[in-house]
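Asks: what would the 3D arrangement of this be:
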Amino acid sequence: MRFLSRSITGFLIVIVSMTGCVQESAQNPVSQDNNQKYESSPFGFHPAIPYDDARYAGIKWTRGTTEPYIFWSLVDPYMNGDPNRFIWRLRGPGQTGRARGFDYDNIGIASDSGLNILLNIDVQPREGGYTRPGSWMPLDPDAYRAFVIATVKRYPYVRYWQIGNEPTANLSDYGEFMRLSYDAVKEGNPNASVLIGGVSGMGMPETFEDYQATFDSAYLPLLQDIAREKTRCFDIFDFHWYGNASGDYQLTKEIHQYIIKKLESLKIPDPKSFWITEMGTYSGDPQLRLSRFRQPRDFPYQSERQQAADLVKRNVYPLSHGIGKIFMAFGLQEGFKHDQGYFDFTGLIYNGEFAYDQGKGAKKIGYFTYKKMTEVLEGADFKHVETIKAETNNIFGLYLFRFSKNGKHIYVGWIDVYDHQSFATEKIDTTVTVETDKGEQKVEIIDALPRYQSGTEVTDYIAAFDSEEKRTEHGKVTITLTEIPRYVY
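Replies: Just a heads-up that it's a prediction; the model follows:
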């Protein structure tokens, strides 16, 4: 997902700064850094706003804050490279939209609210004279480097920095640009980690083959350019994934494995982790929108319950094949371009727009589902998630995973039905028998979703989830899996 209006925004800000806006180059902001306890958490949003609602839902990470990216073109519009002249806040009277200004020091509010932060640094605008023609390289590399170092030092509580977003192979020198950015971040904070600009969702293809073909033409040349640098240019690899609630989440494993193979074949240093910093699922009925990569894909109406069930799968399944963190996107609260496109329906809190909206501030079923997921799984050993079953055919798929938390096991399982008529006709058995912890006489089985059709019906969160207790027999228990994910512990 790209912020297509950002180049225009950067231009407007520079113009406004010449016409009466107040530029502020404040002292370094002070923010507490109390979030290391949850730095290992995989649960994030892009962005996790409103912060209070994010904290209640158990979200521990935000990608971006009230300002999605820190742009060199805003902080150092004249490319002077002098930190004493950098602009961190800009306020303008009577303007609209981004022309009202920006305040990067508000980043500290997210940290103080208890969130770990991933921030993006970018040049922008590409066409505004800040880069060499046809190149990713800044026009003045020394000034850009000074900007990156100053930014990282100014916000020391941010330890994860991403360089740009969703780059494509239409410019040269990407490897040189990544090396310059990586070295600058490390000079600003040797303990910081650097993410490569994430692979886009490639137009949300329906098959892995379509994804692979687009990846090879649009992103692989960037990795080939990085390989020529023969040194580490990023610590963490990122790719993005969206789609529908009918099994698209399953492609994350093939994509992950394919990218690993490409990095190995190019002899690029192994990433310390793989993240998905944009993972989306929706409710409602998005309208068709053009894609950079393929014919627009029609996404049908999905209910709140379909989104909520898919939400669990889009977190648990990637964790099972080694993804370190998943940031749901776009936004905890709905609203991106406000044009009824896909990204206007992916949030878990309504914003009062479009059909099926239950009113601004109303929470979807997915919001309470996410909260239950974090309550059950937070603190588990996410580096060693066991796949107990992952079986699929033309009729249905059955998935069961085991997490370890505080010496106890937690199972998460579900089925996906692809052919409902055959599934009903053949009366397929979806029971599974699992081992229980030593000495356990009974387990609790909890549906991952509240029993309601809409989040507006949830008036008692604790009582909203159906559950049952089952006694164990000889250290085992048999459970029935459904299309609604279930927790067993």
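
Asks: so where's this protein uncertain?
Replies: 1-37, 92-100, 127, 289-294 (pLDDT under 70).

Asks: ok, the most centrally placed residue in it - contacts?
Replies: Taking C-alpha atoms, centre = their mean, the centroid of the chain lies closest to residue 327, which sits 2.4 Å from it. With contact set as C-beta atoms under 8 Å, 6 or more residues apart in numbering, residue 327 has these partners: 44, 45, 46, 61, 63, 118, 275, 276, 277, 278, 279. For glycine as for every other residue, the C-beta is placed from the backbone atoms N, C-alpha and C.

Asks: can you tell me which of the residues you listed are in strands?
Replies: Judged by DSSP state E, the contacts of residue 327 include 44, 45, 46, 61, 63, 118, 275, 276, 277, 278, 279 as members of strands.

Asks: with the residues you listed in mind, which one is nearest to residue 245?
Replies: Of all the ones in strands among the contacts of residue 327, the one with the least separation from residue 245 (C-beta to C-beta) is residue 279, at 12.6 Å.

Asks: beta partners for that closest one?
Replies: residue 241, residue 328 (DSSP bridges).

Asks: just the strands in the stretch 351-489 of the chain please.
Replies: Along the stretch 351-489 of the chain, counting by DSSP state E, counting those that start in this stretch, strands occupy 386-392, 396-405, 408-417, 431-435, 442-447, 467-471, 476-480, 486-488.

Asks: my read: residue 151 touches residue 120, true?
Replies: No. Residue 151 is beyond contact range of residue 120, at 10.8 Å (criterion: C-beta atoms under 8 Å).

Asks: mutual contacts of these two, please.
Replies: Listed as contacting both residue 151 and residue 120 by C-beta under 8 Å, 6+ apart are residue 70.

Asks: picking that back up, highest mean neighbour count out of the strands of the stretch 351-489 of the chain?
Replies: Most buried of those by mean neighbour count (mean count of other C-beta atoms under 10 Å) is strand 486-488; its value is a mean of 22.

Asks: which non-adjacent residue is nearest residue 205?
Replies: Closest residue to residue 205 apart from its sequence neighbours, by C-beta to C-beta, 6 or more residues apart in numbering: residue 211 at 4.7 Å.

Asks: likewise for residue 411?
Replies: For residue 411, the closest residue by C-beta to C-beta, 6+ apart turns out to be residue 488, at 4.0 Å.

Asks: for residue 347, give its distance to residue 276.
Replies: 17 Å (C-beta to C-beta, to the nearest Å).

Asks: just to revisit the earlier point, nearest to residue 253 among the ones in strands among the contacts of residue 327?
Replies: residue 276 (11.6 Å).

Asks: can you tell me the closest non-neighbouring residue to the closest one?
Replies: Residue 276 sits nearest to residue 326 (C-beta to C-beta, 6+ apart), 5.0 Å away.

Asks: and the one you found, that's in a strand?
Replies: Yes. Under DSSP: H, G, I helix; E, B strand; the rest coil, residue 326 sits within a strand.

Asks: quick check: it touching residue 313?
Replies: No. Residue 326 is beyond contact range of residue 313, at 11.0 Å (criterion: C-beta under 8 Å).

Asks: which one's more surrounded, those two?
Replies: residue 326 (25 against 22; other C-beta atoms under 10 Å).

Asks: how far away is that one from residue 424?
Replies: 33 Å.

Asks: can you check residue 411 too?
Replies: 26 Å.
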